[in-house]
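Participant: Need the 3D shape of this:
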Amino acid sequence: SHAIRYMLEPLLECHDHAQFELYAYAELTRQDAQTARYQGLVDHWVPTRGLSDAQLAERIRTDGIDILVDLAGHTAGNRLGAFARKPAPVSVSLWVGYGYTSGLSAIDYFLCDEVLVPEGAEGLFSERPWRIAAPAGMYRPSEGMGAVNVLPALERGYITFGTLTRGVRVNHRTIRVWSEILERVPGSRLVVNS
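Facilitator: Numbering: from 1, shown residues only. This is a model prediction of the structure:
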């Protein structure tokens, strides 16, 4: 039930089964209600728990994967060690799993849009940014989420920015950028929830 499902499910549901055969390499610590759903959206479900990175890379080679896609980046339980072994001819890291570079030259592309990785930011990535139009448009909210509420700024008279990042990601550069944004938007506020 990871939040990435809101963007991944529509992509998996709409892929052309005649053109693409999908393998899901699932590094699960436990199964949940979404596991069976995902198993039905792909052609091959491969549990990877207990496989070393070398064993997983060999399995990917044996399966004959043409394009290997990373959804985890540097999040917990990632399998970047398998990606470092270049088990497929082309590898891609998606913005939805980890919104920044993996730092691995073995990963060829970082799928993004022009907002996430603007022109001129290529040097910040070990991968080549591959920009597509509005990838965030794939987002599908959960059933029963309700309607979008009225913009709070209309009632309060000021814009509130928010961040849910972990404290380890906050540093002097982050604070400087936040300060610049707040200065450019008169009367704005920042809510930090770490």
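Participant: hey, let's count contacts and neighbours off CA atoms from now on
Facilitator: Noted.
Participant: For residue 72, give its distance to residue 81.
Facilitator: To residue 81, residue 72 is 12 Å away according to CA to CA, to the nearest Å.
Participant: Please identify which of those two sits among more neighbours.
Facilitator: residue 72 (20 against 14; other CA atoms under 10 Å).
Participant: Quick check: the more buried one is in a helix.
Facilitator: No. Read with DSSP: H, G, I helix; E, B strand; the rest coil, residue 72 is coil and lies in no helix.
Participant: Next one, pLDDT for it please.
Facilitator: On pLDDT, residue 72 comes in at 86.
Participant: Distance check, it against residue 118.
Facilitator: 22 Å.
Participant: which residues of the protein fall in helices?
Facilitator: If DSSP state H is used as the criterion, the helices of the chain fall at 5-14, 33-41, 53-63, 80-83, 152-156, 172-184.
Participant: Most tightly packed of those?
Facilitator: Per-stretch averages of neighbours, counted by mean count of other CA atoms under 10 Å, single out helix 80-83 among the helices of the chain, with a mean of 19.
Participant: Contacts for that one next, please.
Facilitator: Helix 80-83 is touched from outside by 53, 54, 56, 57, 73, 74, 91, 106, 107, with contacts defined as CA atoms under 8 Å, 6 or more residues apart in numbering.
Participant: which stretches of this protein form strands?
Facilitator: 23-26, 44-47, 67-70, 90-94, 109-112, 128-131, 160-163, 189-192 (DSSP state E).
Participant: Point out the most buried one among those.
Facilitator: strand 109-112 (a mean of 22).
Participant: name the helices or strands packed onto that strand?
Facilitator: strand 90-94, strand 128-131 (3 or more CA pairs under 8 Å, 6 or more residues apart in numbering; DSSP states H and E).
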